[in-house]
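Engineer: let's see this in three dimensions:
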Amino acid sequence: MSRARFATHPDESRGRLVHEDPARHRSAFQRDRDRIIHASAFRRLKHKTQVFVEHEGDYYRTRLTHSIEVAQVARTIAKTLGLDEELTEAVALAHALGHTPFGHTGEDALHDLMTAYGGFEHNAQALKIVTELETHYAAFDGLNLTWETLEGIAKHNGPVTGSLPHALASYNARHDLELSSHAGPEAQVAALADDIAYNNHDIDDGLRAGFFTVEEVAALPLIGPCFEAVDATWSDLHPRRRRYEALRRVFGLMVDDVIAESRAALAQSQPQSAADIRALGAPVIRFSETLFRDLQVIRRFLFQRMYRHEDVAATRAQSERVVRDLFAALMADPTLMPEEWHVSASQAEAARARRVADYVAGMTDRFALTLHSRLFGCP
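Structural biologist: Numbering: from 1, shown residues only. The predicted structure follows:
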């Protein structure tokens, strides 16, 4: 597939905050992708919750497996549309770096605790990780990624306006990511790939956990016709293989829909560059209205039957308590953190709170539970 005229070209990147000579064997965006994969924060995603706390089962998705699935979908869409695959993959792999232990429960707790200190939001935290908290390089803090990758991390879900989380406002003040506009096309692809991946794998994980039945899922739009198509071809499949085959088709339909709808939107808007796409005022990578309505029905089902299931709710309550307890303990005594963390914890309350929040947000589920048990006994 040839590169589309509106793709982001690595040779035309706006560059890095700290100048570096080009890599000998890699494009600028491939270098970004590789640095993200080698980051400590990326490895920790292996033990961070997607929906189920990491230790509840080996087959459930974690943030790491989710990120890999998102990257796979994103590259497929980007290649088909003639976009830069490596920039798309870099944003996809980085999009979850800022997530706390215990998924959105941990994020909600930290945001509440940080309200007086500039708030907490996982996309802003991902940006802070790749621009400050990773400290592997001698010449700079963070990963010194290109402007385009940083822009995608900050606003792949759309323009960021209003009151900004402290982490985002602080970095944007010295390196303008043009937060009020939409992101470039590659970041928009990463955002839709995230939607495709989690809608599909949350259904699979929910079925595996027994939160709902195949019959209930087969009554939903988009999913039902896929089960019917499988049954029309194979009438005696083992239930597990029947489920996998149907969900594989759901996955494919979502990808096909994004590609078809995006092609139509691009043909209508006729962008000549990635900058033109940013200036359109609306995302050009998107689902069709029909499929989007179907996904809303599926999301409501998952919210009611899975995300708010009593078993998940019980774990959420425990997880929230762990995050709140740890935050309070570390605020009271920053020396409980490793030396490289507590020695730089300012006596100013706001700065100390942000340092503690960074440390807690970086914890894996199992580390947070272990530390909580050591400090407070069993949660």
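
Engineer: ok, residues contacting stretch 331-343?
Structural biologist: The contact list for stretch 331-343, computed with C-beta atoms under 8 Å, 6 or more residues apart in numbering, reads A329, L330, A345, R352, A353, R355, V356, Y359, L375. Backbone N, C-alpha and C define where each C-beta goes, glycine included.

Engineer: shaky segments in the protein?
Structural biologist: Within the chain, the stretches with pLDDT under 70 are 1, 50-60, 343-346, 378-379.

Engineer: kindly list the longest helix within it.
Structural biologist: The helix that spans the most residues within the chain, counting by DSSP state H, is helix 239-269.

Engineer: one step back: filter the contacts of stretch 331-343 to the buried ones?
Structural biologist: Buried residues within the contacts of stretch 331-343, counting neighbours by 16 or more other C-beta atoms under 10 Å: A329, L330, A345, R352, A353, R355, V356, Y359.

Engineer: A126: which of those residues is nearest?
Structural biologist: Y359 (15.8 Å; C-beta to C-beta).

Engineer: ok, the closest one - contacts?
Structural biologist: L330, M337, W341.

Engineer: out of these, who's nearest K79?
Structural biologist: Using C-beta to C-beta, the contacts of Y359 come closest to K79 at W341, 41.1 Å.

Engineer: how close does that closest one get to P334?
Structural biologist: 7 Å (C-beta to C-beta, to the nearest Å).

Engineer: what's stretch 218-225 in contact with?
Structural biologist: Applying C-beta under 8 Å, 6+ apart, the set of residues contacting stretch 218-225 is 203, 217, 227, 246-247, 250, 253-254, 291, 293-295, 297-298, 301.

Engineer: what of stretch 258-265?
Structural biologist: I77, T80, L81, L192, I196, V284, I285, R286, F287, S288, L291.

Engineer: and if we set it to 6 Å?
Structural biologist: Stretch 258-265 has contacts (C-beta atoms under 6 Å, 6 or more residues apart in numbering) with I77, T80, L192, V284, I285, R286, S288.

Engineer: ok, now how distant is the nearest residue to the last one once chain neighbours are set aside from R242?
Structural biologist: Going back to what we said before, that points to S288. Among residues not flanking S288 along the chain, E261 sits closest, at 4.5 Å (C-beta to C-beta, 6 or more residues apart in numbering). Distance, E261 to R242, by C-beta to C-beta: 29 Å.

Engineer: can you check A232 too?
Structural biologist: Distance, A232 to R242, by C-beta to C-beta: 12 Å.

Engineer: do T8 as well
Structural biologist: From T8 over to R242 the distance is 41 Å, taken as C-beta to C-beta.

Engineer: so for these two, which sits in the more crowded spot?
Structural biologist: T8 (28 against 18; other C-beta atoms under 10 Å).

Engineer: that one touches L83, doesn't it?
Structural biologist: No - T8 is not in contact with L83 according to C-beta atoms under 6 Å; the separation is 7.2 Å.

Engineer: please identify every residue contacting each of those two.
Structural biologist: Common neighbours of T8 and L83 (C-beta under 6 Å, 6+ apart) are E186.

Engineer: ok, for S2, nearest residue in space, not its chain neighbours?
Structural biologist: Nearest residue to S2 in three dimensions, chain neighbours excluded: G82, at 6.1 Å (C-beta to C-beta, 6+ apart).
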